[in-house]
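K.L.:
Based on what follows, work out the 3D shape:
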Amino acid sequence: MENDYPKLVSREAKLIKEHGFAIHFHNGGPTGSCFYHFHDYYEANLYLGNKELNYIAKGTIYPLVRGDIVLCNIFEPHYFQTPESKYYERLSIGVDANYLLRYSTETTNLLALFNPSQKQYPILHLRYDGLERFLEILRLLQTTEQAIDRQLTEEALAHFFFAVLYDEYAKEDESIATVKSNNRYFKIIGELISYIEMHLQEKISLKELSGAVNYSPQYISKLFKEITNYSIVEYIVDKRISLAKKLLREDNLITNIAAQSGFNNYSYFYKAFKRHVKMSPEEYRQLCLSEKNNKEEKI
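P.N.:
Below is the predicted model:
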């Protein structure tokens, strides 16, 4: 599977744009993560199941047990492998770089949680009391539908999630408090990602991007590649393909969808889509329609 081209799971589809986070409890149904993929945001997954499950990243297999937290770095290709079923129980939270920067303090650098050089990365094995702290967050999350302001409650729980995560991580590895990450770099990447998302359907030039963050085109190109392992152009194309896949589920001309996704050349769109998705836009639409009809038949 790792020989395949990893698919982008976009923050546009997963995160709450205004606040840069999303928190969910998954206890059934398709996982949506048992394929080789990467995110343009950070993600932490607390595994709460009892079935066999592996986390696979960079060619390494990490067997998981109940109470393990999986830390997924931004742009890091990975997938979950579950032989017995297509779903697994977990509490999942995704956040963008600006979120982590916003809630970091002078003594607590939340980006350090996703530093691959840390001893506990990418798996933090929780002790019993640590797991209980997260289960309390889950219990509160399951009552948010009754809250007067659900958004506010979920944001508070997301904030608390990372406070507890950092605390539990520090219990296992005190050196996390000494990690000196240059947050300026991550702030630039976060601003570039946000700009691209806001202007995805428009023509985006390297000059415009450099102007948005006040750094030279050469500098941001090099920095983006160093941090994400993807070029800016590769990332923009992936984002546009992700948007096109979403639009293809609707009833609209494919040529219009190409334009709405930011492609001003249909031939280029067609080739890029087939290279990334391994099927043509028409075939993908038919697949989505077939899946929709099968679901309706089961209801």
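
K.L.:
need the contact list for the residue nearest to P77 when sequence neighbours are not counted.
P.N.:
In space, and not counting its chain neighbours, P77 is closest to P6: 3.9 Å by Cβ to Cβ, 6 or more residues apart in numbering. (C-beta placed from N, C-alpha, C; glycine too.) P6 is in contact with Y36, H37, F38, P77, counting by Cβ atoms under 8 Å, 6 or more residues apart in numbering.

K.L.:
What residues are bridge-paired with I93?
P.N.:
Beta-bridge partners of I93, counted by DSSP bridges, are I23, A44.

K.L.:
Can you pick out the most distant pair from the contacts of P6?
P.N.:
Taking Cβ to Cβ as the measure, those reach their widest spread between Y36 and F38, a distance of 8.4 Å.

K.L.:
For those two, indicate the residue with more neighbours.
P.N.:
For Y36 versus F38, the count of surrounding residues by other Cβ atoms under 10 Å is larger for F38: 22 against 17.

K.L.:
Specify the beta-bridge partners of that one.
P.N.:
Following DSSP bridges, F38 is listed with bridge partners L8.

K.L.:
what's the weakest-modelled helix or strand in the protein?
P.N.:
Lowest on mean pLDDT, DSSP states H and E among the helices and strands of the chain sits helix 11-14, with a mean of 59.

K.L.:
Distance of E197 relative to H276?
P.N.:
Counting by Cβ to Cβ, to the nearest Å, the gap from E197 to H276 is 18 Å.

K.L.:
Now do the helix or strand containing Y284: which elements does it pack against?
P.N.:
Following DSSP states H and E, one finds Y284 within helix 281-298. Judged by 3 or more Cβ pairs under 8 Å, 6 or more residues apart in numbering; DSSP states H and E, helix 281-298 is in contact with helix 254-260, helix 266-277.

K.L.:
Could you dump the ones you listed into TSV and include mean pLDDT and distance to K58?
P.N.:
TSV is the format used below for the helices and strands packed on helix 281-298 (pLDDT from 0 to 100; distance: least, Cβ to Cβ, whole Å):
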stretch	mean pLDDT	distance to K58
helix 254-260	95	34
helix 266-277	93	21
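
K.L.:
which one of those lies closest to T178?
P.N.:
Per Cβ to Cβ, nearest to T178 of those: helix 266-277, 40.6 Å.

K.L.:
Poorly predicted segments of the stretch 101-250 of the chain, please.
P.N.:
179-182 (pLDDT under 70).
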